[in-house]
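>>> Based on what follows, work out the 3D shape:
(chains A and B)
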Amino acid sequence: MTALLRVEGVCKAFGGVQALNGCALEVEKGSIAGLIGPNGSGKTTLFNVITGYEHVDDGDVYLSDRKITNLAPDKVFALGIGRTFQLTRVFARLTVMENMIVAAHHKERAAQGTRLRNPFARAGGPATRRRAMELLEFVGIEKHAGALAETLSYGQRKLLELSYVLMAEPEIILLDEPAGGVNPTLIGMITERIRELNRQGTTFLIVEHNMEFVMGLCDRVTVLDYGNAVVAGPPEMIRTDHRVLDAYLGTAEGDDDVSAA
Amino acid sequence: MSAVIRWGRPAVLVAALAFGAVFPLLFPNPLTTTYAIDTLIFVGWVVAWNMFSGYSGYISLGSAVFFGSGAYTVGLLALHHNLKGGVTFALLPLGGLVAAAIAVPFGLVALRVRRHTFVVVTIAVFFIFQLLAYNLAFTGGNGGVSTPFATWDPSTFNNPYYYAAFIIAVGAIALSWLVRGSRFGLQLLAIRDDEDRARGLGVRAMRVKLTAFVMSAFVIGVIGGLWILFIGQALPESAYDPNYDLTVALMGFLGGFGTLWGPVLGGLILEPVQQQITQHFTNGYAGLIAFGGLFLLVILFLPRGLLPTGKEWLTKLQARSERRRESAPGGLATSGAAAAAGSGDGAGTVAAAGSAERSGTPGAGGTR
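All right, here's what the predicted structure looks like:
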């Protein structure tokens, strides 16, 4: 197996706070990888660095040996990395269908090739809409396709965010707390959908605080503490590793002096 | 009922176009046509402004930069080549091009920042341009620039300007409509709702914003050019008028910021009102104060504008009457039949569901 996503020695500081400190991480193609760690350990910052929302101070990010360090978010997305946000973000005043079409944009553009493009091309061709409906059905919110995204419940927004990221058929999807604030039934469904997508070949990197969720789903879990990957391994190993307990429960050093942006 | 919905909008459009086309014949009084030209100039301007600011959420208070630059371009060209009459209309695209050319560096600087900072930057750039108009050698300084007068029959003198303004306003609306339904327009709306999220979905935000900014500037430049041809003179304080910046924004907010027709409505309502105010208050400040007060009222009580708020009331009323009908005896059969008819048309059902959901969220998503 080869690493699809590789992070090497990434450092990122916000003022005096070292959010990432020589962090390294590998995600194998076709796997479901978990990323855990106490609050402020740098998980979201790592996501931001990978997806181009933050520039690194040092270190590199690779997508199948292609260096993608500090590329703009739209380029990272076009290369095949999709992500969701911890605080779910959808386009509130667009309809659910329009949300899906926005995400399909670069694919439609690519399909048109290098021909002279009509700047006023209508949004969302029939193929795009069909695909969008399939994905909305896949997550079970197809009957809301015509509704404004702001009318969706929190859980439905999570599902919309997952499904519009899927519009671009990314190779790897970074999920930031997919189970956060979601009821158990929905967590079950999200788990099932991730497994299904993974069977179809999508790789996942998941940040999550819900241990049951992470341990049940992931092939490999990396533990982040003070901006550094302290342990990485299969869930059963992580469960019993004393360094993980140290990271979560704190040692004599204390764990409240680092905060993520 | 469905026929009314299907044909209502095109019918209103055709009627409005026809009315616009024969307006100078119905009201040949030069004072009336002057009002009409001013109104159309502002309608075109606010529609063009909304095409960028309304759709992207980047509120520009510097659109008079493009208006003034278009006006000066056309005015100086007409003056130096001693052009007058019909041929001067051929200069209008040049006014638009100069405005668009200015919009590129302006946009590249201003569009790096968001929200309040963006607003402040646009105001600053605006004042730079006004100062340049006062101080550069070729702009005529305080005296501004005057264009040669056309030698047209006084009784129909206004008509060519009227039709030019009418065509430009209709063109601006058509362009705005095209943008709104396009993939490009959808990206602008996505940027309005959450720019960073849009970037993370492959939207090249800077490019999209800049394109809209430049397109909007072109239209406003053309309008500025028409304005100087009509008025015959541009001064630094009248071509680069900060009140115009505010007036245009107010028209947009009043009618419905970011909608297609809201700005049209705002322009049609406010410009005549403003004309009346200037006529009745000889003290210019009273008019300004009234306008400022109106701005406050709109922001406080109609944050989404007349059109979206009106639509909301309408859907609420419809929903209420439907509920009443359903609860009435015998109403069940009718609603059942309606549901059956509706299910035959999948798209229609989705749309109906959508509008019902929309009506369920009064005031949501308000003041951005």
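>>> what about the residue of the stretch 101-250 of chain A found nearest chain B, which helix or strand?
Distance from chain B to each residue of the stretch 101-250 of chain A (CB to the nearest CB) is smallest for residue A:146, at 3.1 Å. Quick note: C-beta positions are derived from backbone N, CA and C, even for glycine. Residue A:146 is part of no helix or strand, with elements assigned from DSSP states H and E.
>>> and the one helix or strand residue B:319 maps to, average pLDDT?
Assigned by DSSP H and E, residue B:319 belongs to helix B:306-327. Averaging pLDDT along helix B:306-327 gives 83.
>>> which residues of the stretch 1-150 of chain A fall in strands?
Applying DSSP state E, counting those that start in this stretch to the stretch 1-150 of chain A gives strands spanning A:3-14, A:17-28, A:32-36, A:58-63, A:66-67, A:81-83.
>>> got those as a markdown table, with mean pLDDT, mean neighbour count and distance to residue B:213 columns?
Formatted as a markdown table, the strands of the stretch 1-150 of chain A follow (pLDDT from 0 to 100; neighbours: other CB atoms under 10 Å in any protein chain shown; distance: least, CB to CB, whole Å):
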| stretch | mean pLDDT | mean neighbour count | distance to residue B:213 |
| --- | --- | --- | --- |
| strand A:3-14 | 87 | 19 | 31 |
| strand A:17-28 | 85 | 20 | 34 |
| strand A:32-36 | 89 | 25 | 39 |
| strand A:58-63 | 88 | 18 | 32 |
| strand A:66-67 | 86 | 11 | 33 |
| strand A:81-83 | 90 | 27 | 28 |
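>>> which one of those strands lies closest to chain B?
Nearest of these (CB to the nearest CB): strand A:81-83, 6.1 Å.
>>> counting contacts, what elements does the closest one pack onto?
If you count contacts as 3 or more CB pairs under 8 Å, 6 or more residues apart in numbering or on different chains; DSSP states H and E, strand A:81-83 packs onto helix A:43-50, helix A:154-166, strand A:172-176.
>>> how far does the second one sit from the chain's center?
Taking the mean C-alpha point of helix A:154-166 and that of its whole chain, the gap between them comes to 12 Å (CA atoms, centre = their mean, to the nearest Å).
>>> now swap in stretch B:217-230 and tell me
14 Å.
>>> Below-threshold pLDDT in chain A: ranges please.
Along chain A, the model assigns pLDDT under 70 to residues A:1, A:110-117, A:119, A:249-261.
>>> Mind doing that once more with 80?
Filtered on pLDDT under 80, chain A yields the residue ranges A:1-2, A:105-124, A:230, A:241-261.
>>> For residue A:81, see how far away the most centrally placed residue in it is.
When CA atoms, centre = their mean is applied to chain A, the residue found nearest the centroid is residue A:174 (1.7 Å). Applying CB to CB, to the nearest Å, the value for residue A:174 to residue A:81 is 7 Å.
>>> Need the residues touching each of these two.
Contact with both residue A:174 and residue A:81 is made by residues A:50, A:51, according to CB atoms under 8 Å, 6 or more residues apart in numbering or on different chains.
>>> Close to chain B: what parts of the stretch 1-150 of chain A are there?
A:51, A:53, A:72-74, A:76-78, A:83, A:85, A:89-95, A:98, A:101-103, A:105-106, A:108, A:119-124, A:143-148, A:150 (CB under 8 Å from any CB of the partner chain).
>>> Just the buried subset of those residues, please.
Among those, those that count as buried by neighbour count (16 or more other CB atoms under 10 Å in any protein chain shown) are A:51, A:53, A:72-74, A:76-78, A:83, A:85, A:89-95, A:98, A:101-103, A:105-106, A:108, A:120, A:123-124, A:144-148, A:150.
>>> who in the stretch 151-300 of chain B is up against chain A?
So the stretch 151-300 of chain B meets chain A at B:178-179, B:181-187, B:189-190, B:192-194, B:196-205, B:211 (CB under 8 Å from any CB).
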